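> mind folding the following:
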Amino acid sequence: HGQAGLTDAFLATITGMLGLTAALYATGSVLRLSGEEADGRAEPLLACAVGRLRWAAGHLVIAFAGTAAVLAAGGLAMGLAYGATAHDISGRLPRVLAAVLAQTPAVWALTGVTVLLAAALPRYATAAWGVVGAALAVGWIGPMLNAPRWVMDLSPFGHLPKLPGPVGSAAPFLWLTALAVALTAAGLYGLRRRDVG
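Coordinates of the predicted model:
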């Protein structure tokens, strides 16, 4: 039982790393919006038939669906490797894949912050890297320093259960997803209201 606990703890650590990698990917994808705007490429696009929301949607589909794809690919690779080592692919793969995909709501919450900054407050768009960096620092350095719970809660990843392991309540998955939707909606509302270019 102790060995199984150690294995789960190791897998949870790797799972967290995959989540942060996906968050970096999503941040870069969304920040292409402000990059296009800063380079003057957005204005000619928007002067044609492409509306603001359609322009933004192209980037957001890549960011949100892309992170799920990155996590799925990482979870499959990790699950296959673990299953092959344990000679139990059919038993281990689904468990590991589910654990990695469970990071998605936390990644999407950080993506929502980036959408809000890039779409509504482009002057502060690069601060999104600081937000993701802070989440990374809290996740990795916080436990080593025995940081208090409120510090750990600053990262969306801190609200998720350490998987694979006991899942507990579905509430953190639901409210992180709702937060991502709200932040994204606020960002798109801001994009519609402000001048672009």
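> surely Val132 is in contact with Leu110?
Yes - between Val132 and Leu110 there is a contact under Cβ atoms under 8 Å: 5.7 Å. C-beta here means a position set from N, CA and C on the backbone, and glycine is covered the same way.
> overlap in contacts of these two?
Residues touching both Val132 and Leu110 (Cβ atoms under 8 Å, 6 or more residues apart in numbering) are Ala23, Thr27.
> more neighbours: which of those two?
Leu110 (30 against 22; other Cβ atoms under 10 Å).
> burial check on the closest residue in space to that one that isn't next to it in sequence, number of neighbours?
Spatial nearest neighbour of Leu110, chain neighbours left out: Ala23 (4.7 Å); criterion: Cβ to Cβ, 6 or more residues apart in numbering. Number of residues near Ala23 (other Cβ under 10 Å) recorded here: 30.
> cool, and Ala182?
13.
> ok, the residue minimising distance to the centre of the chain to Arg193 distance?
Closest to where the C-alpha atoms of the chain average out (Cα atoms, centre = their mean) is Val107, at 1.5 Å. According to Cβ to Cβ, to the nearest Å, Val107 stands 27 Å off from Arg193.
> show me where pLDDT drops low in this protein?
1-2, 37-51, 195-197 (pLDDT under 70).
> tell me where it has helices.
2-38, 42-47, 52-85, 89-101, 104-115, 127-144, 149-152, 171-193 (DSSP state H).
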